[in-house]
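Asker: Whatever this is, show me its structure:
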Amino acid sequence: MDPFYTILLVAFLVSLIITIFNKMLIDQNLMKELKKDIKKYQAELKKNKDNLEKVKEIQPKMMNLSMKQIKMTFRPMKYYFIPILIVFSWLRKTMEGKTILSFGFWPYNLGWLGTYIIFSIFFSTFLRKILKLN
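Answerer: Model prediction:
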């Protein structure tokens, strides 16, 4: 298979797997609530940036919510981390030294990792929109 299409397919499949696991294992309603509350605290911080006492009161609350959000985000990773490491190891061995993308306006060529990153950003954004993830 052509290296370009291999990277394209792998980026899509890995993005799909990660997005599906996130959809299934993260409470989307709670995540939406946490984001809303964090945004509210950020607005309060901005409004009270000159009031040090108020800032000291708001920051721990916001940090607590952020930590909950981070824990929820990392929870699904324990299911797909090892398989994805295996996929990346295989990609590194099979695609090492191959130019996957080259641009006329850019003096450098992208190898497998740069190409994968570009495709995975596109696919994960697309899949998150389709599956309505927060």
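
Asker: And the helices in the chain, which stretches?
Answerer: Secondary structure of the chain (DSSP state H): helices located at 3-25, 28-47, 52-74, 77-95, 112-130.

Asker: Over to residue 103: give its phi and psi.
Answerer: Phi and psi for residue 103, reported as degrees, to the nearest 10, are phi -120, psi 140.

Asker: Now for it: which residues touch it?
Answerer: By Cβ atoms under 8 Å, 6 or more residues apart in numbering, the residues touching residue 103 are residue 110. Yep, even glycine has a C-beta here, placed from its N, CA and C like the rest.

Asker: Just checking the distance from stretch 119-127 to the centre of its chain.
Answerer: When C-alpha coordinates are averaged (Cα atoms, centre = their mean, to the nearest Å), stretch 119-127 and its chain have centres 9 Å apart.

Asker: same check, this time on stretch 116-128
Answerer: Counting by Cα atoms, centre = their mean, stretch 116-128 comes out at 9 Å from the chain centroid.

Asker: what's the answer for stretch 83-91, then?
Answerer: Taking Cα atoms, centre = their mean, one finds the center of stretch 83-91 at 17 Å from the center of the full chain.

Asker: by contact count, what packs against the helix or strand bottoming out on mean pLDDT in the chain?
Answerer: Of the helices and strands making up the chain, the lowest-confidence element is strand 101-102, at a mean of 72, by mean pLDDT, DSSP states H and E. If you count contacts as 3 or more Cβ pairs under 8 Å, 6 or more residues apart in numbering; DSSP states H and E, strand 101-102 packs onto strand 109-110, helix 112-130.

Asker: what lines up beside it in the sheet?
Answerer: Neighbouring strands of strand 101-102 in its sheet, by DSSP bridges, are strand 109-110 (antiparallel).

Asker: got the helices of the chain as TSV, with mean neighbour count, distance to residue 102 and mean pLDDT columns?
Answerer: Converted to TSV, these look like this (neighbours: other Cβ atoms under 10 Å; distance: least, Cβ to Cβ, whole Å; pLDDT from 0 to 100):
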stretch	mean neighbour count	distance to residue 102	mean pLDDT
helix 3-25	17	11	94
helix 28-47	14	39	93
helix 52-74	13	35	92
helix 77-95	13	15	93
helix 112-130	16	10	93
